[in-house]
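*Asks:* The following block contains a protein sequence and its predicted model.
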Amino acid sequence: MEMQTSLLWVWILLALYIGYCFFWGLRGYFTERTSSGYTIGGRSIPMIAFLMAATAASFSGWTTVGHPGLIWRDGLAYAFASFYCLTIPITGTFFAKRNWLMGKRYGFVTPGDMYAYYYNNEGVRWLVVITAVLYGVFYSAVQLMAAGALFHWVTGFPMSWGAIFLAFVVWFYVVTGGLKASTWVGVLQFVLLVLTIILLGAYVLYSFGGWTDLSAKIANLSAEKYLEVPGVIEFTVGKTSWTGIMILTYMFALMGIQSSPAFTMWNFANKNPRPFAWQQVFMSTFLVGFAMFFFLAFQGLGAQVLDQAGILNIGADKDVVPILMSKYLPPLALGICFIGLIAAMHSTAAPYIGTAGSIVLRDVWWLKVRKKKGGHAEQIWVNRLFVTIITVLALWIGMTSTAALVMLGGLATAFGFVMYVPQLGTLWGKKWPGLGTFFGILGGMIAVFLTYKVFKYPLTIHCAAWGTGVGLFLAYLLRICGVKDKQETIDRQKEIRSWLDNIETPSPKGKSWRKTMKIIVPIWFLFAIGPLCILGNYAFGFAGFPKAWSWQLAWWLLGFIMMWALCFKAEMSTVTEEQIQRAETESNIVVEEVT
């Protein structure tokens, strides 16, 4: 009887969720009449929508389902990954405001527009297209298939048909409404994501009778296996061990989310940069961090205690969340958590599918195939075609290439981190030639693949660090070897640097804070998620939290203060009214929307 009630709630809540998604898709269908309106929301996405949707897209089903499972398997050493509540948005701190300024002044629609113009190199554009498609297809495939598996577990519906049905929902509101529809759907998805994490964690905690009993049982787990970081580094190849170096470089991979082509387009799409600081500091670092460091850890370590006690029988990390839901959630709560997990998976798939289609449309079809011909209607409908193709490809790969899917899904964020190469050059003026950027991205992507598939994680260093390290090395190597850009390119970059550095010049207090943060940020990385996080094994415990967990909580709070200082006091993410006015009036549009 209880299972029937649970299914009833699942279908009711699913119908309401789909209705909300379809509403925004159809609203966009009837209101968006320009190419930029469809692809980047007419550069008018409001503050509240970005705050919530960008946060939801940053965390996804990877957080809600994968994170507790890996804490169950690997203990508090993996729980250091909860710090990606900070390392994901810190990329936005470095780049988001400058992306917006560049898009507003020069009219860039895709990141390929920006990099190709800055470096006067079309090869860079093609590499960005490849990166966007890899993200759009493979990362979305992971989310869609996970949604299908969850749908099968809850309803008994065949997994493949469940994946198709839920992919259709995503496809519909993306293909009809464009980026703005995805963003407004993301508002609800964010609420459901956070609510699901807290709700399931609270029920697990309640099942133990409260924190006192749960903490006592956690203390009885094997310290070496579940409660400590295993070391600083291991001189191995092909082994995944959560050493201090692995934790640090895994965080680098997650930093690739907000340097990905999708997020660069999202930066262009904002009405102004005001949401950036609040999203980075309060929505991600504090609110999602609170949910992760407490409630996801309750789920993961609680599941391990219950598993060892014989109360649960968990066969694999992917089963942790579904088993906890079935065991401890009453019907309404189970329905809410089911919709929350589906929403978390959709929140990531939708923007990556949509922006990948837009990038292919603008950078390949409109620019290369149609030679800048084709009006707004043609661009919108061809964009919808590419979105459809990418959705179908994601489903097809998800259903036919399970082994490859796991690998390619894992590579996606590492490829995103390689985008630090063009971002550092374009937005911060790091000096290397256009060919250095091209070969830096290409070499970085090859290095990511080799250190993931062929020689996996040498020295317990994640492939993201190897890839971007190789990319930066090649970029600087070409500079050292005397490769130079044409004078036209040098003059173009000089004009951009002059304007961007002038408009983004911080106040005297902001300059002082930036100098201070250049010292504080590396120290935080070193102790919180770097080699010295191993000190957490021996440091301190409080309120029943094991030492490593206490270390994480302390450095999370310090990280929140650091992000506040970086975004607000150092003015890395804040903007004045004068800066907004200058960006809107001092335009130098170099990219046509239609011709």
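*Replies:* Yep, it's here. Numbers count the residues shown, from 1 in each chain.
*Asks:* For the helix or strand harbouring Met445, buried residues please.
*Replies:* In this structure, Met445 sits in helix 434-449 according to DSSP states H and E. Under the neighbour-count criterion of 16 or more other C-beta atoms under 10 Å, helix 434-449 has 434-445, 447-449 buried. Using the backbone N, CA and C atoms, a C-beta is placed for each residue, glycine as well.
*Asks:* ok, how many other residues are close to Asp213?
*Replies:* 14 (other C-beta atoms under 10 Å).
*Asks:* Just the pLDDT for it.
*Replies:* On the pLDDT scale, Asp213 is placed at 96.
*Asks:* try Gly61
*Replies:* Value for Gly61, per-residue pLDDT: 78.
*Asks:* That one: what's its closest spatial neighbour, skipping adjacent residues?
*Replies:* Met345 (3.8 Å; C-beta to C-beta, 6 or more residues apart in numbering).
*Asks:* Hmm, Ala147 and that neighbour touching each other?
*Replies:* Yes - Met345 is within contact range of Ala147, at 4.5 Å (criterion: C-beta atoms under 8 Å).
*Asks:* what helices or strands is the helix or strand just after the helix holding Met445 leaning on?
*Replies:* On the C-terminal side of helix 434-449, the closest following helix or strand by DSSP H and E is helix 463-480. Packing partners of helix 463-480 (3 or more C-beta pairs under 8 Å, 6 or more residues apart in numbering; DSSP states H and E): helix 244-255, helix 402-418, helix 420-428, helix 434-449.
*Asks:* Just put those in JSON lines and tack on mean pLDDT and distance to Phe295.
*Replies:* Formatted as JSON lines, those follow (pLDDT from 0 to 100; distance: least, C-beta to C-beta, whole Å):
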{"stretch": "helix 244-255", "mean pLDDT": "95", "distance to Phe295": "19"}
{"stretch": "helix 402-418", "mean pLDDT": "76", "distance to Phe295": "23"}
{"stretch": "helix 420-428", "mean pLDDT": "98", "distance to Phe295": "31"}
{"stretch": "helix 434-449", "mean pLDDT": "97", "distance to Phe295": "32"}
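*Asks:* Lowest mean pLDDT among the helices and strands, pick that one out for this structure.
*Replies:* Of the helices and strands making up the chain, the lowest-confidence element is helix 402-418, at a mean of 76, by mean pLDDT, DSSP states H and E.
*Asks:* So Lys373, which state does it fall into?
*Replies:* Counting by DSSP: H, G, I helix; E, B strand; the rest coil, the backbone at Lys373 sits in coil.
*Asks:* Would you mind measuring from the residue lying closest to it once chain neighbours are set aside to Ser358?
*Replies:* Leaving aside its chain neighbours, Lys373 sits nearest to Thr595 (6.5 Å; criterion: C-beta to C-beta, 6+ apart). Using C-beta to C-beta, to the nearest Å, one obtains 18 Å as the distance from Thr595 to Ser358.
*Asks:* okay, these two: which has more neighbours?
*Replies:* Comparing Thr595 with Ser358 by other C-beta under 10 Å, the one with more neighbours is Ser358, at 28 against 10.
*Asks:* so where does that one fall, helix or strand?
*Replies:* helix 331-360.
*Asks:* what's the angle from whichever helix or strand comes after that helix to helix 331-360?
*Replies:* Following helix 331-360 in sequence order, the next helix or strand is helix 376-400 (DSSP H and E). With axes from the mean of the first three to the mean of the last three C-alpha atoms, to 10 degrees as the basis, helix 376-400 and helix 331-360 are set at 120 degrees to each other.
*Asks:* got the buried residues for stretch 458-478?
*Replies:* Those would be 459-472, 474-475, 478, for stretch 458-478 by 16+ other C-beta under 10 Å.
*Asks:* Surely Asn588 and Arg105 touch.
*Replies:* Yes - at 5.7 Å, Asn588 counts as touching Arg105 under the criterion of C-beta under 8 Å.
*Asks:* what do the two both touch?
*Replies:* Residues touching both Asn588 and Arg105 (C-beta atoms under 8 Å, 6 or more residues apart in numbering) are Trp499.
*Asks:* who's more crowded, the two?
*Replies:* For Asn588 versus Arg105, neighbours defined as other C-beta under 10 Å are more numerous around Arg105 (21 against 10).
*Asks:* If anything else comes up later, I'll come back, but that's it for now.
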